[in-house]
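Chemist: 3D, please:
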Amino acid sequence: MKIHYILFFLPGLIGLQSCKNDKNMQIEPPKAEKIKRVLSVHGHDRIDYYYWLNDRDNPKVIEYLNAENKYLEEVLQPQKEFREKLYNEIVGRIKQTDMTVPYKSNGFWYFQRFDEGQEYPLICRKKDKLENPEEIMLNVNILAKDFKFFDMGHTSVSPENNLLAYSFDTVGNRKYIIRFKDMSSGNFFPDEIGNTMGNIVWANDNKTVFYTIKDEALRGYKVMKHVIGNRGNKDVEVYHEPDALFSAFVYKTKSKQYILVGSASTTSTELQYIKADEPDSKFKLFHPREKNHEYWINHYGDSFYISTNQNAKNFRLMTCGTDNTSKENWVELIPHRDDVMLINVELFKNYMVVQERKNGLTQIRIIDWKDRSEHYLNFGEAAYTTDIGTNPDFETDLLRFSYTSMTTPLSIYDYNMKSRKKTLLKQEEVLGKFNSEDYKTERLYVTASDGVKVPVSLVYRKDLKKKRGNPLLLYGYGSYGISMDPSFVSARLSLLNRGFIFAIAHIRGGEEMGRAWYEDGKFLKKKNTFTDYIACAEYLLEQKYTTKDQLYGMGGSAGGLLIGAVANMRPDLFHGLVAAVPFVDVVTTMLDESIPLTVGEFEEWGNPKDKEYYDYMLSYSPYDNVKAMDYPNLLVTTGLYDSQVPYWEPAKWVAKLRDMKTDDKLLLFYINMDTGHGGASGRFEKYKEYALEYTFLLMLEGIEE
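Modeler: Below is the predicted model of the structure:
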């Protein structure tokens, strides 16, 4: 419903309000019809004049959305060539003929490669050695050729390496279809499974797969078992999660010995397991669900390894035997630490690798099984992101990991845990005149309204034309415990090279500073997310990084909620705002349990059927708090088939803003009529939305070259 992404779209109908594109031309924006609807709960009435937009099958709704898109194109007509230039510039930095770093699994090297001009990858492998001939498993360009939207989901090869299962979405609503291919003959099986989460798990018999299907609210609610070629019999249900707060899933341990089905809410987990050699056996409960207890399982040898937050807010690592898995049998390996959060654990024969988060930054810790000696990888930058990569092999001393910073393109390394030497395998190649030494990154700490220190990561060119008062784009998210870690984005160079500073506000609601950071930005503390962002903006102004006439804000999905709330709370701070697929109609959506994902998110926002939560949500919901006042310039985006934040939320918000705002600043709404929450599919198509967004920002700065 409200999960991350940065996209760009725009809405409207037939309007009165004028927007001056230049001194000689006025373009009238669409203005949606007002149809009164009273929404009553807790004895309180809300008037919603734009509720009627919640009907994609209504021709008047489509007419309105098309009118908004037309209006956006008319307003941006003078920037048409510049917008195209930006798109070509962004795409021109991308190496068109490229491939990922191969990894070895079960005797094959797997990789993806891209051919010049193609939107989608070829999924490939080579047997035994990289020098051997290439086998193209799937050409995604061929699969996608008849669709306006195509998202490749998950691929999974059978234990005997001869069968391929894969999933794809052709709408953008994240309902994945699963199909199968015989790699020996190249033929596709007639088996086809729809309405799935997209993941596929093979049992060790080389013919049985497990997958998860969705209910009407797009929640994973059943785990099913399918036997390849067994079309005469229905697939078998192996797990059903009836509680709408929980979502079901299935995965296989790295050891390939166990298959686990589970169910998780925002705050609780429950797992069951079988041996992967016994796909028809009954799943056994690992540990029953408990309120506010999350746990996740790894396996190696005769032990399970459990990451748990039981009496450990930032998680700790426990272990137990494979036959006695209940909590009383767990033995602590890595204790809880107040200042370090345990993120991930990767097991090898001789080493355990732990990914942690400290002071807002990720770090990698290597522990030797023999003597428990340990060391950390050293990266030497103020703001960066590192992640454990794909490591399917237990019998190796090599750790695959990635590294990036706001000045360093994504880099893939192999690290020899024994010799402590790292080898760079590949760094994202940026075509054209790019030198990372031309850019500088900083890490600031801003004091929030309640005294908490909020990290801010910045990047800019070292040769900024002005020492003070540069245009600055401040990005924020702050929900679901999702951390917005500093990373390199080549498209962003189009802003940096034109004098912009780019900043990320690591506000509460994310998990940058540990679990408490997340919990202090949800439920009845949600406003901390907004006030943290405002404090960061104020600090950047105070320190003369920028001015109010050059400060811009951006957020997507739940980050769009942030932008909408800040637009109401402090519109005076910003010259322009970009709200991508924004979750802005909080109260109405959270009261409607038929909307995808609503019920499961009661543990994030609260349930407005409880008056305390209703009143609190109502106090910050962007749509409900639109006022007759001046707003910054706004660009709002959505996708017609968005299953996470339905298009009508931003559409209603834009319509209400058009009706009530008292300024003549830009309000543009873009609706991608072919996609969902993630925007355009394909390798290059998505950058048209980047170009739109950057055109908007640069136009406001008066930069057109």
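Chemist: Can you tell me, leaving aside adjacent residues, what's nearest to residue 613?
Modeler: residue 606 (3.4 Å; C-beta to C-beta, 6 or more residues apart in numbering). C-betas here are computed from N, CA, C, even on glycine.
Chemist: contacting residues for the one you found?
Modeler: Listed by C-beta atoms under 8 Å, 6 or more residues apart in numbering, the contact set of residue 606 reads 523-524, 590, 612-613, 616-617.
Chemist: Could you do residue 483 as well?
Modeler: Neighbour list for residue 483: 357, 506, 510-512 [criterion: C-beta under 8 Å, 6+ apart].
Chemist: Quick check: of those, which has the highest neighbour count?
Modeler: Using other C-beta atoms under 10 Å as the neighbour test, the contacts of residue 483 are led by residue 506, with 28 neighbours.
Chemist: Is it correct that that residue is in contact with residue 456?
Modeler: Yes. The criterion here is C-beta atoms under 8 Å, and residue 506 meets it with residue 456 at 6.8 Å.
Chemist: Let me see the ranges of the strands in the stretch 451-600 of the chain.
Modeler: 453-461, 472-476, 501-505, 551-556, 576-580 (DSSP state E, counting those that start in this stretch).
Chemist: Take the ones you listed and write them to CSV, including distance to residue 343 and mean neighbour count.
Modeler: Listed next are these as CSV, based on distance: least, C-beta to C-beta, whole Å; neighbours: other C-beta atoms under 10 Å:
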stretch, distance to residue 343, mean neighbour count
strand 453-461, 17, 21
strand 472-476, 21, 25
strand 501-505, 18, 25
strand 551-556, 23, 27
strand 576-580, 26, 28
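Chemist: Just the terminal-to-terminal distance for stretch 132-145.
Modeler: 29 Å (C-alpha to C-alpha, to the nearest Å).
Chemist: Now whichever strand or helix holds residue 64: buried residues?
Modeler: Here residue 64, judged by DSSP states H and E, is contained in helix 59-75. By 16 or more other C-beta atoms under 10 Å, the buried positions in helix 59-75 come out as 61, 64-69, 71-72, 75.
Chemist: Determine the set of other helices and strands touching that helix.
Modeler: On a contact count with 3 or more C-beta pairs under 8 Å, 6 or more residues apart in numbering; DSSP states H and E, helix 59-75 meets strand 19-22, strand 25-27, helix 648-660, strand 667-672.
Chemist: thinking in terms of the whole chain, how far from its middle is that helix?
Modeler: Put simply, helix 59-75 sits 28 Å off its chain's centre (C-alpha atoms, centre = their mean, to the nearest Å).
Chemist: And for stretch 266-284?
Modeler: Distance, centroid of stretch 266-284 to centroid of chain: 27 Å (C-alpha atoms, centre = their mean).
Chemist: mind listing what's buried in it?
Modeler: The neighbour-count check on stretch 266-284 (16+ other C-beta under 10 Å) flags 266, 268-274, 276, 279, 283 as buried.
Chemist: And stretch 538-554, by the same measure?
Modeler: For stretch 538-554, burial by neighbour count (16+ other C-beta under 10 Å) applies to 539-541, 545-546, 550-554.
Chemist: Next, give phi and psi for residue 274.
Modeler: Backbone torsions of residue 274, given as degrees, to the nearest 10, read phi -140, psi 160.
Chemist: returning to what we had before: among the contacts of residue 606, the buried ones, what's the PyMOL command?
Modeler: Here is the PyMOL command that picks out the buried ones among those, judged by 16+ other C-beta under 10 Å:
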select buried, resi 590+613+616+617
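Chemist: roughly how far apart are the nearest residue to residue 703 once chain neighbours are set aside and residue 537?
Modeler: Excluding the flanking residues, the one nearest residue 703 by C-beta to C-beta, 6+ apart is residue 498, at 5.4 Å. Remark: distance between residue 498 and residue 537 (C-beta to C-beta, to the nearest Å) = 21 Å.
Chemist: Between those two, tell me which one has more neighbours.
Modeler: Neighbour totals were compared for residue 498 and residue 537, and residue 537 leads with 26 against 17 (other C-beta under 10 Å).
Chemist: Excluding chain neighbours, what is closest to the more buried one?
Modeler: Going by C-beta to C-beta, 6+ apart, residue 537 has residue 573 as its nearest residue, at 5.1 Å.
Chemist: and the gap between the residue nearest to residue 703 and residue 704?
Modeler: 10 Å.
Chemist: Using JSON lines, please lay out the buried residues of stretch 538-554 together with pLDDT.
Modeler: Listed next are those as JSON lines, based on pLDDT from 0 to 100:
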{"residue": "539", "pLDDT": "98"}
{"residue": "540", "pLDDT": "97"}
{"residue": "541", "pLDDT": "97"}
{"residue": "545", "pLDDT": "95"}
{"residue": "546", "pLDDT": "96"}
{"residue": "550", "pLDDT": "97"}
{"residue": "551", "pLDDT": "98"}
{"residue": "552", "pLDDT": "98"}
{"residue": "553", "pLDDT": "98"}
{"residue": "554", "pLDDT": "98"}
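Chemist: quick one: contacts of stretch 42-51?
Modeler: By C-beta under 8 Å, 6+ apart, the residues outside stretch 42-51 that reach it are 32, 34-40, 587-588, 611, 614, 624, 651-652, 655-656, 659.
Chemist: can you dump the C-alpha coordinates of it into PDB?
Modeler: What follows is stretch 42-51, C-alpha atoms only, in PDB (Å, rounded to 0.1, in the frame of the first residue of the first chain):
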ATOM      1  CA  HIS A  42     -17.000   7.900  15.900                       C
ATOM      2  CA  GLY A  43     -19.800  10.500  15.600                       C
ATOM      3  CA  HIS A  44     -17.600  12.600  13.400                       C
ATOM      4  CA  ASP A  45     -18.400  13.600   9.800                       C
ATOM      5  CA  ARG A  46     -15.900  14.200   7.000                       C
ATOM      6  CA  ILE A  47     -17.000  15.700   3.700                       C
ATOM      7  CA  ASP A  48     -15.300  14.100   0.800                       C
ATOM      8  CA  TYR A  49     -16.100  15.800  -2.500                       C
ATOM      9  CA  TYR A  50     -13.800  13.600  -4.600                       C
ATOM     10  CA  TYR A  51     -14.700  10.200  -3.300                       C
END
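Chemist: chain center to that stretch: distance?
Modeler: For stretch 42-51, the distance to the chain centre is 32 Å (C-alpha atoms, centre = their mean).
Chemist: what is the mean pLDDT for it?
Modeler: Averaged across stretch 42-51, the pLDDT comes to 98.
Chemist: What residues sit buried inside that stretch?
Modeler: Buried positions in stretch 42-51, judged by neighbour count with 16+ other C-beta under 10 Å: 46, 48-51.
Chemist: same thing with stretch 305-316?
Modeler: Across stretch 305-316, burial judged by 16+ other C-beta under 10 Å covers 305-310, 312-316.
Chemist: and which of the residues you listed is nearest to residue 245?
Modeler: Each of these was scored against residue 245 by C-beta to C-beta, and residue 309 proved nearest at 17.5 Å.
Chemist: if I look at that closest one, how far off is residue 294?
Modeler: Applying C-beta to C-beta, the value for residue 309 to residue 294 is 5 Å.
Chemist: joint contacts of these two?
Modeler: Contact criterion C-beta under 8 Å, 6+ apart; residues shared by residue 309 and residue 294: residue 315.
Chemist: which residues of the protein score low on pLDDT?
Modeler: For the chain, the stretches flagged by pLDDT under 70 are 1-25, 231-232, 676, 678-681.
Chemist: quick check: domain ranges of it?
Modeler: As given by automatic domain parsing, the domain ranges for the chain are 19-92+438-700, 96-146, 150-293, 349-430.
Chemist: Tell me which helix or strand the residue nearest to residue 283 when sequence neighbours are not counted sits in.
Modeler: Of all residues not flanking residue 283 in the chain, residue 272 sits nearest, at 3.9 Å (C-beta to C-beta, 6+ apart). Counting by DSSP H and E, the element that carries residue 272 is strand 269-275.
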